[in-house]
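Trainee: Here's a sequence, model it:
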Amino acid sequence: MAWTVTYDLDEFRAAAGAFLGARPARHTTLLTVVSSLVAGGSGRYGEQPPVYGWWAGEGSVEGAFLCTPPYPPLLSPLPGEAARALARTLAGDGEQKITGVNAGRETAETFATAWTELTGARSDVEQSHRLYRLATLTPPDPAPPGRPRTATAADRDLLLTWFEGFARETDALRGDVAALVDDKLSHDGITLWELDGRPVACAGISRTVAGMARVSLVYTPPELRGRGYAGAATAAVSRAARAAGVREILLFTDLGNPTSNALYQRLGYRPLEDHLVLSFTSAERTVPEQGHPS
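Mentor: Predicted coordinates:
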């Protein structure tokens, strides 16, 4: 078994695409980032070229990763041997500045242990997330007043303001907000909840990949919170995805936010697994942006 590393997205998709698509829920972030790179090009997340890799032996792929600098590597669930071997591979690559890792809890911790032993860096928890999967959708009852609609280019300025607010509040969105908004609008990926013709909340969704789509960027301006608009927007975007034939509808929550975790469970989302974003720091390293916005 060994890691193959490449800068060629097409080569990565040819080698690891079937592996990722076979378990779309477990590989949701890798799949959605790859989808965004296909749509937006290799500069979608930053100026440095992305790097990709897969773990295989005798033709069978059993793990994968990708890294879009300055974000930390995204890892699929990996056998312990593969996680440790990847740490050795990346530690020996002078071109890659690894500042953290983003993966399921067990894989993230195994990789981080190997990385700190190899480099002397310190590992710290930057973010703790829980991945949920929609079971039976249960819309809010009673529903708040208003109705959903798909955002259009005419909503761009409002969405820029809202997503900049989301970035300030959550510290989970530090990339190019304008590029993110434009990408979401390009595939009708934002649903607004409107009251008397005025948008009061929104919920985004990824492109559908391998029968899977992920809800994200749920936001209500501070002055309009506590009225059920976010739950209504999330239910609306989830209902639309299910009506469009999406088999697995997912979302991540911040484990430190009990309000959002309770809301999504009331809507019918059920816990699937926990993820960690860990940061690595040493005298030679600094911590960049962390979570992926896709």
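Trainee: Could you check how far N257 is from S238?
Mentor: To S238, N257 is 19 Å away according to Cβ to Cβ, to the nearest Å. Placement of C-beta: from N, CA and C, glycine included.
Trainee: Looking at these two, which has the bigger crowd around it?
Mentor: S238 (25 against 12; other Cβ atoms under 10 Å).
Trainee: residue contacts, that one?
Mentor: The neighbours of S238, taking Cβ atoms under 8 Å, 6 or more residues apart in numbering as the test, are 134, 137, 215, 249, 267-268.
Trainee: Phi first, then psi, for D10.
Mentor: When read as degrees, to the nearest 10, the backbone of D10 gives phi -60, psi -40.
Trainee: and it, how many neighbours does it have?
Mentor: 10.
Trainee: Give me the below-cutoff pLDDT ranges for the stretch 1-150 of the chain.
Mentor: Scanning the stretch 1-150 of the chain for pLDDT under 70 picks out 94-95.
Trainee: re the thing from before, buried ones from the contacts of S238, can you make that a ChimeraX selection?
Mentor: Buried residues within the contacts of S238, by 16 or more other Cβ atoms under 10 Å, are selected in ChimeraX with:
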select :134,215,249,267,268
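Trainee: Could you single out the nearest of the contacts of S238 to A151?
Mentor: Taking Cβ to Cβ as the measure, A151 lies nearest V215 of the contacts of S238, at 14.3 Å.
Trainee: Where does the closest one fall, secondary structure wise?
Mentor: strand 212-219 (DSSP states H and E).
Trainee: now that strand: mean pLDDT?
Mentor: In this model, strand 212-219 has an average pLDDT of 97.
Trainee: now S216, nearest residue through space, not along the chain?
Mentor: Distances taken as Cβ to Cβ, 6 or more residues apart in numbering put G204 closest to S216, at 5.1 Å, once the chain neighbours are dropped.
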